[in-house]
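Colleague: Starting from these lines, generate the structure:
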Amino acid sequence: LDTLLQENISKKNCLEDYYSNSDFQIGVEMMHCLTWMPEEYVELAWKHVILEYFEEEVFAEDSDDEISDDGVSDDDSLHGEEENKTKDKHENVKKFLKYFQDTWVGNTDEDGEYHSPTFPISMWNNTENVKEDTYTTNNKVEAWNGSWNGTVGRRNSLWFIIESLHAEDALTQTRYGEFLSGDNEDPNPTRTAESEHKYQQIKKAISNFEKKTSSNEFNGHIVWRYLHRLRKLL
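Modeller: Now for the predicted structure:
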């Protein structure tokens, strides 16, 4: 989810604003943290915590910057230019937020009808996987893909690709034999330990959140604190 968020920040022309605005960065991090928000709270957290945060911190902050300290507008020409630039930035950010809502969260309209996202929440939400110790990521797949592209490249002959696949298969067989014999070693034990620690901290945070929300009543303050706790674990 984090990788797709970053890609769409760029596609929606929000990259400059993202890197220059720490509030924008915090908002995106909270969006990423919905990965570990219990499914029944995802839409509520999105609508009543994250979207409100963007309205109060990201959009409002830019509007405040247009007025000088004494409450008097800046030079008309400069002010008009800055105002147009701010409007463009806001429109781009709103397009990014709409993309996220339509693609990952969905929306309940004023008539109470829920419009499903492109990808159901159950497809990308990892809360239950963490609780049941079946949590996985595609980091290893992405690492292999990056290594493979670096070896083969985008443009190469069919025969070279076949030879590379044979070499990859031989290496995999060797590593599998080492695993069965117990001779394999973790190439990065420190990273493995850090990942396990992070996983256990996320699991603990989920457990604590569910205890605090056992009444099934939405509490924006509790959700806010939970999202910021997860942010620190990213």
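Colleague: Helices along the chain, start to end?
Modeller: 2-11, 15-20, 22-33, 39-45, 51-53, 60-64, 76-100, 121-124, 127-131, 139-152, 158-181, 189-212, 220-231 (DSSP state H).
Colleague: I'd assumed residue 34 was in contact with residue 5.
Modeller: No: assessed by C-beta atoms under 8 Å, residue 5 is found out of contact with residue 34, at 10.5 Å. From N, CA and C alone the C-beta is placed, and that goes for glycine too.
Colleague: Looking at these two, which one has more neighbours?
Modeller: residue 34 (25 against 17; other C-beta atoms under 10 Å).
Colleague: what sits against the more buried one?
Modeller: 1, 42, 45, 46, 50, 104, 105, 125 (C-beta atoms under 8 Å, 6 or more residues apart in numbering).
Colleague: Adding neighbour count and pLDDT, write those residues out as JSON lines.
Modeller: Listed next are the contacts of residue 34 as JSON lines, based on neighbours: other C-beta atoms under 10 Å; pLDDT from 0 to 100:
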{"residue": "1", "neighbour count": "16", "pLDDT": "70"}
{"residue": "42", "neighbour count": "21", "pLDDT": "96"}
{"residue": "45", "neighbour count": "23", "pLDDT": "96"}
{"residue": "46", "neighbour count": "23", "pLDDT": "96"}
{"residue": "50", "neighbour count": "24", "pLDDT": "97"}
{"residue": "104", "neighbour count": "23", "pLDDT": "96"}
{"residue": "105", "neighbour count": "22", "pLDDT": "96"}
{"residue": "125", "neighbour count": "19", "pLDDT": "95"}
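Colleague: would CSV of those residues with distance to residue 116 be doable?
Modeller: Shown next, in CSV, are the contacts of residue 34 (distance: C-beta to C-beta, whole Å):
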residue, distance to residue 116
1, 17
42, 12
45, 17
46, 14
50, 19
104, 11
105, 10
125, 14
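Colleague: Mind checking which residue lies nearest the centre of this protein?
Modeller: The residue lying closest to the centre of the chain (C-alpha atoms, centre = their mean) is residue 32, at 2.7 Å.
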